[in-house]
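Engineer: Here's a sequence, model it:
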Amino acid sequence: MKIKVKKSVEAPNNVKAVVQRISSTHLQDIASVLRGFKWTFDKGDINNWVPVLDHFDTFLEECVSNRAEVQLNWGEDGAVEVPEFPTESVLAVLNTTCSILENCSNKGAYNSTEHLSNLLAAPVMEVTAAALQVFQVLMRKTHHTSVRLAVSAGLTQRLLSLCKGWGGKEEGLELVVCASKNETAVQKVLPKATTLHFEFTPEKPSGDLAAAATEAEVQPVTLHVPSVDRFTESEHVILAELVRRYRVPPAARFDLLCRIRIARNFGTLVGRRQLVHQRLLAFNVLLQCSPSAEEFTSLYLAEPEIVNELVGLVQAEEVVEEEELRTLALKALAAQLQDRSRSSSVITAVTSGGQSGLLAMLLHKSVASILQQANVPLAPSGSGVLPSHVVAAMQGGAASSSSAAASSVPAAAAAAPAQGSVQYSVSFVDALLTLVAGLVTSSSGCQALSDAGIISALLPLLRDHHPDHLNLVCTSLKILEMYMDLSQTASTTFRDLAGLTEVIRRLAYEVGAVTGAPADTAATTPTVADSDVVMASSEQQTASTPAGQPGAAAETATPKQLPHNRKSLLKILLRIITIS
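Structural biologist: Numbers count the residues shown, from 1 in each chain. Modelled structure (predicted):
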C-alpha cells in the first residue's frame, strides 16, 4: 500500500535528485538504476523518500505479489509455466528499501509489509533473506521511540514456520554443526535431515465432490519423502505437485514449503548455511515483533537449547568462518534480553567465566581488531597529556589529576592483538555492542559487565577517528553513560582509568575538526571524515571572504550543518563529562 504522508519535509537537493531519478524509472528498468545504490546522505526522513517507496510498492504489487509461486496457489492443474522470477530487480528494490529505512526516521510510515510477507515464499532463498532483512530493520526499536509496528497474524505464523528447526543437539543437528566447514559430523545425520516428514489435514473437496467425499478422504495425512536433496525439481514444483495430489490446504502450504526447503538444501554446506542464515533472520524479526506469550512458549518448547546453540555459534570462529552467521547469532541473543523470562539464561550463557568468559574475550578482541584496522594503538601515546589549549581552559588541579590518570591502562586493554588473529568487521562489533547495551539495562547485566571489564574494553575506542567507526564510538559512549548511571562504582572506575581525560581529548578533537582550529590531537590523527574536512574548509573560506563580495551574505545566512552522527557524538561527550 502507498504511504500516507502526514507532514511535509523539505528534502536536500541531492536527495531530491536521487528520488526524482528513481521514481521516474520504468518498472522494468528498476534494477539498472538501483545497481550499486549506497547511502551517502546524512540522517534522513522517510517522508523525503515517499515517491521512491511508493514506486517500489507498485513494482512489488504488479510484478511480484500476484505470481502463483508467491501466492502458493496454482489452481486445480498444479504448477504451470510462468515467466522467470525477476530476482535481480526484487533484490535491488529490497536492498535499497533496507538502506532507506536504516538511515531515516519515521520508518513506521512504511506500508508495504504485506508484499514483504508474500516474498517470504519467493522461489529464490536470497529474496526471502532480503525480505527478512528489511523486516529486521523495520522492526528494530530505536532510542527515539518505543512504538512497535503492528504485525499481522499471518506474518507471525510465517515467521514461526521459518524459525522451526530441523533437530537439536540430541540429533546432532545443532546450528554450529550445520554451519561448520567440517562436515564429518553432519554426514551421519543427512538421511534424516533430507527426509521430508509433514502431517496435515487435507481440505475438503468443493462443489459437487464435497457431498461424495468419504470420511477417509479428510483424515490427517502424513507425508514421508526420503532423499529430497536428490530431486532435480525446485521446491515450488515439489510443493505444487503435493498440493495437487494430497489437497494441502492453503494454511499449511507455507509450513510445508519450509520443510521442503530444509530437506532439499541440507545436503550441501552452502545450502545448510543458507538455512541457518534464514532461520536466524526470522528468529530476530519474530523476537522484535513482540510475539504473544503463547507464541513464545511454543517457540521455546520446540527449541529448548536455542540460547546455548547461539552461544556455540558465536564461539565457533575457527569452523564457521562466515562472520555474518555469528553476527546474526549475537543479534538473536540481544533480542532475547527484551524478554524477562529469557534474559537470565542469556546473561548466564554469555558472561559465565568473568574475565575469561565469552563476553570479556569478545569485547577486548573486537575492540583491538577495530583499532588495528584504523591504525590506532590500544595504549595512549605519550603520557596522555591533553592538548595545550584544553589544559589552559581547565583548572590546574583537575588537569594534573587527569593527566596522571591517563597512564593507568589495564593490561587487558593494552594488549595488542596477536598476529593472524581473527579480524572483526564493523557489523559484528555493532551487534556485540547491541548485546552489551541490552545487558546494561539490568542490575545482573551490569554486574556481568563489571566482571568483563566493560570500561577498560570500550575506552580505547575514543581514540578511533575513522569515519566508518563513528557509530561504534557513539554506541560505546551511550553504553558507558547508561552503565555509570546504574552502577555506583562505575564513575570512580571510569575516572581511575583516565576515562574523563579520554573523553575531553576526543571532544577537543571533534571541536577542532569542525571549526578547523589547530589542535594537538588532530596532528596525530591518521584519518579524518571527509565531511568534516569539507565543512572546516568551507567555513574558513566563508570567514575570509570580504563582506562586499557576491555570495558572502548567502554563505553567512546559511551556515553549514553538522552531520547527524557528529551532533550525536558531541552531545554524548558533553553528557559524560557532566556525569563524570
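Engineer: Counting neighbours, which bits of the helix or strand containing G312 end up buried?
Structural biologist: In this assignment (DSSP states H and E), G312 forms part of helix 306-315. Buried positions in helix 306-315, judged by neighbour count with 16 or more other Cβ atoms under 10 Å: I306, V307, E309, L310, V311, G312, L313, V314, Q315. Every residue, glycine included, has its C-beta placed from N, CA and C.
Engineer: Leaving out chain neighbours, which residue sits closest to the first one?
Structural biologist: What it means is I306. Y300 (6.9 Å; Cβ to Cβ, 6 or more residues apart in numbering).
Engineer: Tell me how far the one you found lies from E183.
Structural biologist: Shown here: Y300 relative to E183, a distance of 29 Å by Cβ to Cβ, to the nearest Å.
Engineer: From the neighbour counts alone, determine which of those two ranks first.
Structural biologist: Regarding Y300 and E183, a neighbour count based on other Cβ atoms under 10 Å identifies Y300 as having more, with 17 against 13.
Engineer: How far away from the center of its chain is the helix holding G312?
Structural biologist: 18 Å (Cα atoms, centre = their mean, to the nearest Å).
Engineer: can you list contacts of the following helix or strand past that helix?
Structural biologist: With elements assigned by DSSP H and E, the helix or strand that comes after helix 306-315 is helix 323-336. The contact list for helix 323-336 (Cβ atoms under 8 Å, 6 or more residues apart in numbering) reads 136, 175, 179, 273, 276-277, 280-281, 283-284, 287-288, 307, 310-311, 313-314, 316-317, 320, 342-343, 346, 349-350, 424-425, 427-428, 431-432, 434-435, 437-438.
Engineer: quick one, what contacts I100?
Structural biologist: Remark: with contacts taken as Cβ under 8 Å, 6+ apart, I100 is in contact with W39, G44, I46, W49, V52, L53.
Engineer: Dump the residues you listed to CSV, plus neighbour count and distance to L363.
Structural biologist: Formatted as CSV, the contacts of I100 follow (neighbours: other Cβ atoms under 10 Å; distance: Cβ to Cβ, whole Å):
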residue, neighbour count, distance to L363
W39, 14, 28
G44, 19, 32
I46, 21, 34
W49, 27, 36
V52, 23, 39
L53, 25, 38
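Engineer: Which single one of those is nearest to P249?
Structural biologist: The shortest gap between P249 and any of the contacts of I100 belongs to L53, at 34.1 Å (Cβ to Cβ).
Engineer: Same question for stretch 470-488: list its buried residues.
Structural biologist: Applying a neighbour-count criterion of 16+ other Cβ under 10 Å, one finds 470-484, 487 buried in stretch 470-488.
Engineer: chain center to that stretch, what's the gap?
Structural biologist: Computed by Cα atoms, centre = their mean, the separation of stretch 470-488 from the middle of its chain amounts to 19 Å.
Engineer: Flag the shaky bits of the protein, pLDDT-wise.
Structural biologist: For the chain, the stretches flagged by pLDDT under 70 are 1, 6-7, 75-82, 142-149, 206-218, 353-356, 379-421, 513-560.
Engineer: gap between the closest residue to L269 other than its chain neighbours and W166?
Structural biologist: By the measure of Cβ to Cβ, 6+ apart, the closest residue to L269 outside its immediate chain neighbours is E183, 6.3 Å from it. According to Cβ to Cβ, E183 stands 16 Å off from W166.
Engineer: Please apply the same query to L160.
Structural biologist: Distance check for L160 against W166: by Cβ to Cβ, it reads 15 Å.
Engineer: swap in L337?
Structural biologist: As for L337, its distance to W166 is 26 Å (criterion: Cβ to Cβ).
Engineer: quick one: which of those two has more around it?
Structural biologist: Counting neighbours by other Cβ under 10 Å for L337 and for W166 shows that L337 has the greater number, 22 against 19.
Engineer: For the more buried one, list the residues it contacts.
Structural biologist: Residues counted as contacts of L337 (Cβ under 8 Å, 6+ apart) are S343, V346, I347, L435, G438, L439, T441, G445.
Engineer: Repeat the analysis, applying 7 Å as the threshold.
Structural biologist: With contact set as Cβ atoms under 7 Å, 6 or more residues apart in numbering, L337 has these partners: S343, V346, G438, L439.
Engineer: Of the contacts of helix 323-336, just the buried ones, ChimeraX syntax please.
Structural biologist: One line in ChimeraX is enough to select the buried members of those, burial here meaning 16+ other Cβ under 10 Å:
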select :136,175,179,273,276,277,280,281,283,284,287,288,307,310,311,313,314,316,320,342,343,346,349,350,424,428,431,432,434,435,437,438
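Engineer: need the strands for this structure, in chain order.
Structural biologist: 44-45, 104-105, 196-200, 221-225 (DSSP state E).
Engineer: what's the offset of the second one from the middle of its chain?
Structural biologist: Going back to what we said before, that points to strand 104-105. From the chain centre to the centre of strand 104-105 is a distance of 15 Å (Cα atoms, centre = their mean).
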